[in-house]
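> Predicted structure and sequence below. I'll ask about it afterward.
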Amino acid sequence: MYLKSAILWIDKTKMKNVDLNKINPSTLLGARKAHFTGIGGIGVSAIARMMLAEGNPPVGGVSGSDTSDSAIIDELRKLGAKIFLGHSADNVAEGVDLLVYTPAVTADNPELKKAGELGIPMLSYPEILGLISKDKYTVAVSGAHGKTTTTAMIAKILIDAEYDPTVIVGSLLKDNNSPALEASARRGSNFVAGKSEYFLVEACEYKKSFLNINPKIIVITNIDNDHLDYYGNLENIKKAFGEFVAKLPKDGYLICDLSDEKLKNIIKNTIAKIIDYTKVATDFHLKIPGEHNIKNAQAAMAVAEILKVDKNKAAESLNKFSGTWRRFEFKGETKNGVLVYDDYGHHPTEIRATLKGARELFGPPAGGKKIWCVFQPHLYSRTKLLFGDFGKSFSDANEIILADIYAAREPKDEGINSKMLAEEITKNSGKARYMEFFDKITDFLAENSKKGDVVITMGAGDIFKIGENLLKK
C-alpha cells in the first residue's frame, strides 16, 4: 500500500549508513517493529499513522516517544501505538528494526544512540518523505507562510475531484463537506491514505528538509526570514529554495509569485515550466478571511489547472474549505458571548496577516469588535532576531497579552523575554502586557472581556490551552 510502494527494507546489519538513492521504492521486505522518536510531531506522527493504517508493522509493532502528551499522541494510542513520555534508551525495545526520528532531535538523543549501538536502521522524517515521493506524482507545497493552508486546500480539491491522493499536511485536517477529510478530522489526523499515484505533501524548509523530496510540482507560497537559528540569513534561505526548485524535472512545474523579488534568482535554477499563481482569477467566496488566503487559494487553483481538475469543481471545493486546525480556527463562544479563535502564527508576517484578516471580518479597531490577541513567542532566537518586526506586528489588535516564550528545542536565553517584547509592542503598535502564568491570563480575560469581543490565541506552542480553558469558564 502507501509505504509498501515506497520503502525497501534492508537487513539491519547492513544499514547503518543508508544510501537512499540506491533504495528501490517498489520493494519492501517489511519492518516488523518500528519506533518513532518525536512521535507527537506533526510529520513523524503521519508516518506512524501510515504504518498503522497498512498493518505493516502490525498493530502493536509501532512504538514512539515524545517529551509531552498531546491530542495527536492520544489518537495514536487509540490506533494501537505504544507511547513513551520522555526519551530514553530503554524505549528502543528488543526487536525494533526501524527507527524514524524528527529532525528536531540531536545526535546525542539516547534513543538514536541506542539504535546506533544496536545497528538499527535510522531514517529521518524527511528521508521517509523522499522515499515515498520517489515513486509518486508528488506535489510539494513550500514557503515561509501559508503552506499548510495551501496544502489542505489542494487536498480538498483533489479529494472532491476523486483523484484519491495520499496527503501529509502540517496540521490536523478538518472538513465536514468531504468524507475523506472528515474521516481524518475525526481521527485528529494530518494524513489521508490515498491509492492513486498522487502524493501531496507540505514541504518544510527547516534544516533543508525539503531537499529529500522528489517533486513533480513545487508550490512556493512566499519566502521570508524564518528559521534564522539554522540559516543565519535570508540569502542562505534563498539558496536552499534554489536547490529545491533545481530538483524539478523538465516536464515539472514551479508555481510561485513572479513579482516577488526574493524569488528573482531562485527561479533561474529550474528547467521546469513556471506558473505565476497571482494571474489566477480571484472570484472566490472563501469561508476563511484575509488577503493571504486569497493567494493561497490562487496557488491551489494553479495546481488544479495543471492536474486538469474541472475549474468549477475546484472553485466549489475552495469555497467550501473550512480551514485547518490552529489556522484562525474558531474554537467557540463563551457563556458571556466572547468569540474565541486560535492561530498557529508565530512569525511577524503571519501575525500581521492573521490580525489583518480578523479586522476584515470583525470591523476596524475604532468601530468594530474589540480584539484581544494572546501571543506566545516561539523560540528565544526568533524573538531576539525579529524583535523589531514583532514590535510592529500587532497594530490590528486592541489589546495584547504576552505569555512566556515557548522554548521548544532551545535552552533558556536570559537576554530576551516576553516582558521586553511587551514593552516594544506598546512602544510601536498597541497596548501590550506580560503575564507569566496561563491561569492568570485566563482569569484576566474572563473578568475583562465582554460580549462581542474576540479573543485570538496565537503561537506555535501550547497557547491554545488558554482559549480552551476560557471556554470552560
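Everything's here; your move. Note that this is a predicted model, so its numbers are computed, not measured.

> would Leu83 count as being in a strand?
One thing to correct before we go on: residue 83 is Ile, not Leu. Yes: Ile83: assigned to a strand according to DSSP: H, G, I helix; E, B strand; the rest coil.

> Helices of the stretch 51-200 of the chain, residue ranges please.
71-79, 110-118, 125-134, 147-160, 179-186 (DSSP state H, counting those that start in this stretch).

> Let me fix that, I meant to ask about the stretch 201-350 of the chain.
228-231, 234-245, 291-306, 311-320, 348-362.

> nearest to Lys384, of those?
Nearest to Lys384, of all these, is helix 228-231, at 9.5 Å by CB to CB. All C-beta atoms are positioned from the backbone trio N, CA, C, and that covers glycine.

> Flag every buried residue along the closest one.
Going by neighbour count (16 or more other CB atoms under 10 Å), the buried part of helix 228-231 is 228, 231.

> what packs against it?
Applying 3 or more CB pairs under 8 Å, 6 or more residues apart in numbering; DSSP states H and E, one finds that helix 228-231 makes contact with helix 380-385.

> Now tabulate the helices of the stretch 201-350 of the chain in JSON lines and tack on mean pLDDT.
Below are the helices of the stretch 201-350 of the chain laid out as JSON lines (pLDDT from 0 to 100):
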{"stretch": "helix 228-231", "mean pLDDT": "85"}
{"stretch": "helix 234-245", "mean pLDDT": "96"}
{"stretch": "helix 291-306", "mean pLDDT": "95"}
{"stretch": "helix 311-320", "mean pLDDT": "94"}
{"stretch": "helix 348-362", "mean pLDDT": "90"}
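
> Those: which one's closest to Val338?
Closest among the helices of the stretch 201-350 of the chain, using CB to CB: helix 348-362, at 12.3 Å.

> quick one, that closest one and helix 291-306 angle?
Relative orientation of helix 348-362 and helix 291-306, computed by axes from the mean of the first three to the mean of the last three CA atoms, to 10 degrees: 100 degrees.

> Run through who's touching the helix or strand just after helix 348-362.
Going down the chain from helix 348-362, the next helix or strand is strand 371-375, by DSSP states H and E. Outside strand 371-375, the residues that touch it by CB atoms under 8 Å, 6 or more residues apart in numbering are 351, 355, 358-359, 362, 365, 394, 396-403, 441, 445, 449, 453-459, 463, 466-467.

> who does strand 371-375 pair up with?
Strand 371-375 has its sheet partners listed here by DSSP bridges as strand 399-402 (parallel), strand 454-458 (parallel).

> Tell me which of those strands sits nearest to His87.
strand 454-458 (28.2 Å).

> Could I have the CA atoms of that closest one written out in PDB?
What follows is strand 454-458, C-alpha atoms only, in PDB (Å, rounded to 0.1, in the frame of the first residue of the first chain):
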ATOM      1  CA  VAL A 454     -12.900  38.400  20.100                       C
ATOM      2  CA  VAL A 455     -10.000  36.600  21.800                       C
ATOM      3  CA  ILE A 456      -7.300  35.200  19.500                       C
ATOM      4  CA  THR A 457      -4.600  32.900  20.900                       C
ATOM      5  CA  MET A 458      -1.500  32.900  18.800                       C
END
